[in-house]
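> when you get a sec, could you give me coordinates for this:
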Amino acid sequence: MAESPVATTEIQHSDLGEKASLVAAAAAAAGEEHEHHTSDLLRRRTIRLRRAELSKLSEDPERDRRDREATLIVLTLLLALVMPILFWLSAGETPAPLLVWRLSLLLSTYFFLCANVLFVTKSFCAIVVDVYFGALLAYYADHVFGTRIGTVTIYLNSIFTAAFAGYALAERRRSDGTEQSADNVPAFADEEEEEYARAVLISSAAVISITLLFPTAYVSWMILWPYATTDDDGFRVEDVLRDLSYTILAYLFFATTLVTQHLLRGALLGDGRFYVFLVVFSIITVLPLFFAGIFGDIAGIVVIWLGIIALAVLFGYSVSIYSYYTQIQTMRSSQPPSEKADAAKQELDEISGDKLEHSSSPAASTHVHSNPHSSASSSAEGSPSTHH
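Numbers count the residues shown, from 1 in each chain. Take a look at the predicted model:
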């Protein structure tokens with residue numbers, strides 16, 4: 001008996017419906033597997049970072065912290081001692097580019113040593129490459145494109161190394177538990193407030209970019225002008241560095257304000273500290289003008305240079321805090337609610353296991369043997385749970 005066309009059509013439609021439902025189920029399963037894989041990768045990355053922090057801790061963390069602080073103090077004192085000697089040697093007829101090269105290499109070396117002491121997740125070789133690649137690039141630019149571009153490049157490298165050291169400082173303070181700004185960022189009340197904050201951030205960045213477009217173009221023209229390679233043929237190096245310094249100062253001020261006030265929402269520079277930041281910025285802006293009028297253009301450039309260095313350290317510090325905050329938010333948003341508790345428990349178990357392995361050292365066992373009363377009391381406290 002032949003089947004009717006209507007029955008055949010219904011069977012075909014039912015088959016297509018079953019196939020569509022299977023495809024939808026497979027796609028949903030693939031999406032869940034991808035989300036689970038992403039959350040697992042983020043969790044493993046966090047665990048690797050924690051293990052890297054623990055691997056750099058010594059047997060006595062408090063002693064390690066004191067040694068680190070003493071090293072930084074010694075490096076800062078050496079910098080304060082060497083800088084007047086460098087200025088004294090460069091006084092007189094020393095060209096401005098030579099002074100810039102000497103001071104920049106001194107500052108880059110100082111911040112390289114500080115970053116090597118502070119960094120938790122970067123190795124020594126990686127820090128060397130990040131810091132001194134700019135110096136090699138400046139050397140190449142000086143010999144290929146001329147003194148002006150080489151001097152500007154080595155000048156910018158010192159500012160980059162300052163921000164690099166500020167990033168390392170924030171990473172170390174997070175590892176020590178003394179920096180909690182990323183955990184104290186206020187949450188948005190609802191999606192509407194979040195959208196409004198995002199719109200304010202985008203509009204502020206656009207206005208700042210348009211405002212700084214003209215000085216950026218002017219300074220770029222001063223640096224790249226093909227015939228301005230010597231003081232006799234065009235702009236002096238002092239004029240280029242002065243205008244470049246004020247442009248960089250404006251960039252750092254607005255960038256630090258965006259990160260601390262918009263992205264971190266006052267968690268880092270709150271409770272009146274932002275007003276202190278504004279006062280310091282005003283001093284950095286005005287003070288070089290007095291030094292330039294009294295001691296000359298080179299003195300004014302050095303003063304604003306040191307101010308830019310301080311601001312670059314703060315900017316690198318705030319970027320590190322925001323980077324850690326985004327990692328926290330990404331991990332929280334990528335994990336389903338049912339997996340957050342299990343993942344957090346597993347992460348704590350693994351980290352606590354690493355801490356136990358790290359703390360099991362001959363020094364710890366010696367301390368236990370030297371305090372028999374404390375070990376006896378702890379065993380007495382643990383005996384009821386054992387009998388139970």
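> residue ranges of the helices in the stretch 201-350 of the chain, please?
Assigned by DSSP state H, counting those that start in this stretch, the helices in the stretch 201-350 of the chain fall at 213-224, 237-257, 273-295, 297-334, 337-359.
> among those, which comes closest to residue 118?
helix 297-334 (10.6 Å; Cβ to Cβ). Bear in mind the C-beta positions are built from the backbone N, C-alpha and C, glycine included.
> report the buried residues of that closest one.
297-309, 311-322, 324-325, 331, 334 (16 or more other Cβ atoms under 10 Å).
> now swap in stretch 143-153 and tell me
Neighbour count says stretch 143-153 has 145, 147-153 buried, by 16+ other Cβ under 10 Å.
> likewise for stretch 287-294?
Buried-residue list, stretch 287-294, by 16+ other Cβ under 10 Å: 288, 291-292.
> out of the residues you listed, who's nearest residue 115?
residue 288 (26.7 Å).
> related to what we said a few turns ago, need the helices of the stretch 201-350 of the chain in JSON lines with distance to residue 74, can you?
Shown next, in JSON lines, are the helices of the stretch 201-350 of the chain (distance: least, Cβ to Cβ, whole Å):
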{"stretch": "helix 213-224", "distance to residue 74": "37"}
{"stretch": "helix 237-257", "distance to residue 74": "28"}
{"stretch": "helix 273-295", "distance to residue 74": "26"}
{"stretch": "helix 297-334", "distance to residue 74": "18"}
{"stretch": "helix 337-359", "distance to residue 74": "27"}
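> give me the low-pLDDT residue ranges for the protein?
Low-confidence segments of the chain (pLDDT under 70): 1-60, 92-94, 226-234, 334-388.
> so what's residue 244 up against?
Residues in contact with residue 244 (Cβ atoms under 8 Å, 6 or more residues apart in numbering) are 152, 155, 219, 222-223.
> which two of those have the greatest separation?
Within those, two members stand farthest from each other by Cβ to Cβ: 155 and 222, at 13.4 Å.
> those two: which is more packed in?
The neighbour comparison of residue 155 against residue 222 (other Cβ atoms under 10 Å) goes to residue 155, with 26 against 19.
> ok, that one touching residue 104?
Yes: Residue 155 is within contact range of residue 104, at 5.8 Å (criterion: Cβ atoms under 8 Å).
> still on that earlier bit, sitting in strands, which of the buried residues of stretch 143-153 do you find?
Using DSSP state E, no member of these falls within strands.
> I'd like those laid out as CSV, including distance to residue 79.
Below are these laid out as CSV (distance: Cβ to Cβ, whole Å):
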residue, distance to residue 79
145, 30
147, 26
148, 27
149, 27
150, 24
151, 21
152, 23
153, 22
